[in-house]
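J.: the amino acid sequence is not available; the structure is as follows:
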DNA sequence: TGCTATTTTGACAACGTTGTCATCCCGGCA
DNA sequence: TGCCGGGATGACAACGTTGTCAAAATAGCA
């Protein structure tokens, strides 16, 4: 910057004014400075700038996700990026892999870099440690899962309602023995989906058969194995509700292997690519990660713009997409 | 930091020494400082730190990808993150969407934030503008696509060899009329794959039938439409090589709609989730985005560690995964 | 013309940290 | 006892920028 000022024959401050488009610089000097910037290929140092600035904004936000490579997370990430781009804000991202310690590390690493805000899909179960960040002026928005011991803006999927909708769909097609294949109950969203299952059965005065419930499964393989066992029961379930992406795929694999994919109904929670190309197409309760990301980013930026209203809790609705597997009768 | 120093009753410099684990601080003072840091919940300001430091490292790298939500890009992104995490380096990411102007914007935004290095999957066709970044000490690695007018480290898929391998596979199964469905020829990788198709036909002394070649298609729908037209030809192709992910899906959709998915052979370039669950399973030439990301990140960090050897060009091999669709005879 | 009001410009300090160098203290040795 | 060496500690400047405020230039008006 010193070189630019020297070349343009002005003071440092005037260069700073031109860069930040502050008013009160004559047109002549402004063009001279711009030319010098161009000629020297000068790059503004945002770190030094935000160090001195009174608001200390770094024009950078942090995003903490379960796994940036998983489609749900990466779609969410992209939606956040889309909102951020419009404001010239850059996005730092990190993956958690259900590791609560990593969550704190990432928050700390982001805090060191003075991000303006954080979007968090949490893995830990105590977020009181974030109070200090907030006190330091960092905006916080939780997505997909709510915070614990901390009141903060959240954007969640309608897990309970979505699960109920799925079960209701199977009930409407005449099923009475509906198995439930679910993820780790320690994950709040998984617990809510299971609650939806129970509530919907209850609303129809149907008993809950513990034999038909398989919880705490992670990934396709356990789901495939448990499904095989479920289908060996007598009487066997006539329909299966898979409460997560990979579980749905595991269940489908088992059904196909047993030649039951046109006999046993299947509804999955969370859509996945190519679900429509399978035979039968898989009926799902689709979440909307893009809408969640957009909502989270907009919430975050409205806070950064100074919105001090009470915390907001947005629920993004789910959508039932019927593709065949959920419409098989008992 | 001033407060910490005051509370611990030491100078600023001593606090700095403790934070950076510099030698020559007595154990007693070190614990006193650590306690003060803990008590005040002090956060080190990396921006100020890297401003003053002689090497100016920000412990942050930038990654520029086609679209952080697309599985290829996000797997690559994740692999880079995995390497970066081990060094306490954070990753900024941005999406290009084939927009050359956006590429320059992102580079400039990253440069303002003084990233230590950049991994780029480029969209533009002139990278001489990056010379200045490199002069400023930013390490550069290109992935998936090579730079133009700039000599820099690259990590590429073996596009030409992979395509040849796919065509060879179809030839080995007796096919002679093999259609080619390809992406924008302005994308270097797409052009190389098409070259592989021609070379392999040529190696077998087979003529190239222009009617069987459909180029510059983007996404599933154009691929589906062109496939429909291809299959209406007389004589029709007995096999189709789809040179990209989404194109493969489009081709498969068309085959299924026409009831030809067990009659016409299909080999796709680039693997995709659930390709094995379709009927028939889709035979693909799989790229290895995780290996590419890892290689790119390791290359980048070795440069940051001071490796000044000549530029490296790594080619990541592809792998043919036979799943059924490519083994259908003519 | 002489004065004030307004705009343009620049000098300087400050942001939070680290590099440099000087000072202090202690033990060891002649 | 006096001196020296070496480790611990701190004072101060500097990194690249912007906020503050004063000075200079210009415009407006009687």
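T.: That came through, no problem. Predicted, not measured: the structure shown is a model, and the values here were computed from it. Numbers count the residues shown, from 1 in each chain, chains lettered A, B, ... in the order given.

J.: close to chain B: what parts of the stretch 101-250 of chain A are there?
T.: A:108-114, A:132, A:136, A:249 (CB under 8 Å from any CB of the partner chain). In this view, the C-beta of every residue, glycine as well, is placed from N, C-alpha and C.

J.: in contact with the residue nearest to residue A:250 when sequence neighbours are not counted, which residues are there?
T.: Spatial nearest neighbour of residue A:250, excluding adjacent residues (CB to CB, 6 or more residues apart in numbering or on different chains): residue A:223 at 2.8 Å. By CB atoms under 8 Å, 6 or more residues apart in numbering or on different chains, residue A:223 lies in contact with A:181, A:217, A:242, A:246-251, A:254.

J.: cool, and residue A:19?
T.: Residue A:19 neighbours (CB under 8 Å, 6+ apart): A:37, A:44.

J.: I'd like to know how far it sits from residue B:308.
T.: 33 Å (CB to CB, to the nearest Å).

J.: neighbours around residue A:330, how many?
T.: When neighbours are defined as other CB atoms under 10 Å in any protein chain shown, residue A:330 has 15 of them.

J.: surely it meets residue A:178?
T.: No: with contact defined as CB atoms under 8 Å, residue A:330 does not reach residue A:178; the gap is 9.6 Å.

J.: any common contacting residues for the two?
T.: What both residue A:330 and residue A:178 touch, as defined by CB under 8 Å, 6+ apart, is the set A:238-239.

J.: now the buried members of the residues of the stretch 101-250 of chain A next to chain B.
T.: Neighbour-count burial (16 or more other CB atoms under 10 Å in any protein chain shown) applied to these gives A:109-114, A:249.

J.: just flag the most distant two among these.
T.: Greatest spacing in those, by CB to CB: A:114 and A:249 (41.0 Å).

J.: confirm that residue A:72 sits in a helix.
T.: Yes: membership of residue A:72 in a helix is supported by DSSP: H, G, I helix; E, B strand; the rest coil.

J.: quickly note the distance from it to residue A:298.
T.: 19 Å.

J.: more neighbours: which of those two?
T.: Neighbours were counted for residue A:72 and for residue A:298 using other CB under 10 Å; residue A:72 has more, 21 against 16.

J.: that one against residue A:289, yeah?
T.: Yes: in this structure, residue A:72 is within contact of residue A:289 by CB under 8 Å, at 5.0 Å.

J.: what ranges do the helices span in the stretch 201-330 of chain A?
T.: A:220-232, A:245-257, A:289-304 (DSSP state H, counting those that start in this stretch).

J.: now the residue in the stretch 201-330 of chain A that chain B sits nearest to: closest residue in space that isn't a chain neighbour?
T.: Nearest residue of the stretch 201-330 of chain A to chain B: residue A:274, at 4.7 Å (CB to the nearest CB). With sequence-adjacent residues excluded and distances taken as CB to CB, 6+ apart, residue A:274 is closest to residue B:274, at 4.7 Å.

J.: list the contacts of that neighbour.
T.: By CB under 8 Å, 6+ apart, the neighbours of residue B:274 are A:249, A:272-274, A:277-278.

J.: show me where pLDDT drops low in chain A?
T.: When residues are selected by pLDDT under 70, none of them lie in chain A.

J.: got the domain boundaries for it?
T.: A:2-44, A:60-157+A:289-316, A:159-288+A:320-327 (automatic domain parsing).

J.: so which of those domains comes closest to DNA strand D?
T.: Of all the domains of chain A, domain A:2-44 sits nearest to DNA strand D, with 2.9 Å by CB to the nearest atom of the strand.

J.: tell me how far the closest one is from the chain's mean position?
T.: Mean-position distance between domain A:2-44 and its chain equals 42 Å (CA atoms, centre = their mean, to the nearest Å).

J.: same check, this time on stretch A:46-56
T.: Centre to centre, stretch against its chain (CA atoms, centre = their mean), the figure for stretch A:46-56 is 30 Å.

J.: cool, and stretch A:161-170?
T.: With CA atoms, centre = their mean, you get 22 Å for stretch A:161-170.

J.: what of stretch A:243-251?
T.: Worked out by CA atoms, centre = their mean, stretch A:243-251 lies 18 Å from the chain centre.

J.: got a list of what residue A:269 touches?
T.: Residue A:269 touches A:159, A:162-163, A:166, A:193, A:241-245, A:248, A:284-285, A:287, counting by CB under 8 Å, 6+ apart.

J.: same thing but at 6 Å, please
T.: Counting by CB atoms under 6 Å, 6 or more residues apart in numbering or on different chains, residue A:269 touches A:193, A:243-244, A:285.

J.: what of residue A:148?
T.: A:125-127.

J.: quickly list what residue A:265 is bridged to.
T.: Residues in a beta bridge with residue A:265, per DSSP bridges, are residue A:239.

J.: can you count the residues close to it?
T.: 26.

J.: can you check residue A:18 too?
T.: Residue A:18, neighbours per other CB under 10 Å, totals 21.

J.: hang on, it in a strand?
T.: No: read with three-state DSSP, residue A:18 is helix and lies in no strand.

J.: stretch A:25-38 near DNA strand C at all?
T.: Yes: Stretch A:25-38 lies within reach of DNA strand C by CB under 7 Å from any atom of the strand, at A:25-26, A:28-29.

J.: narrow those residues to those that are buried.
T.: Here, 16+ other CB under 10 Å leaves A:25, A:29 buried among these.
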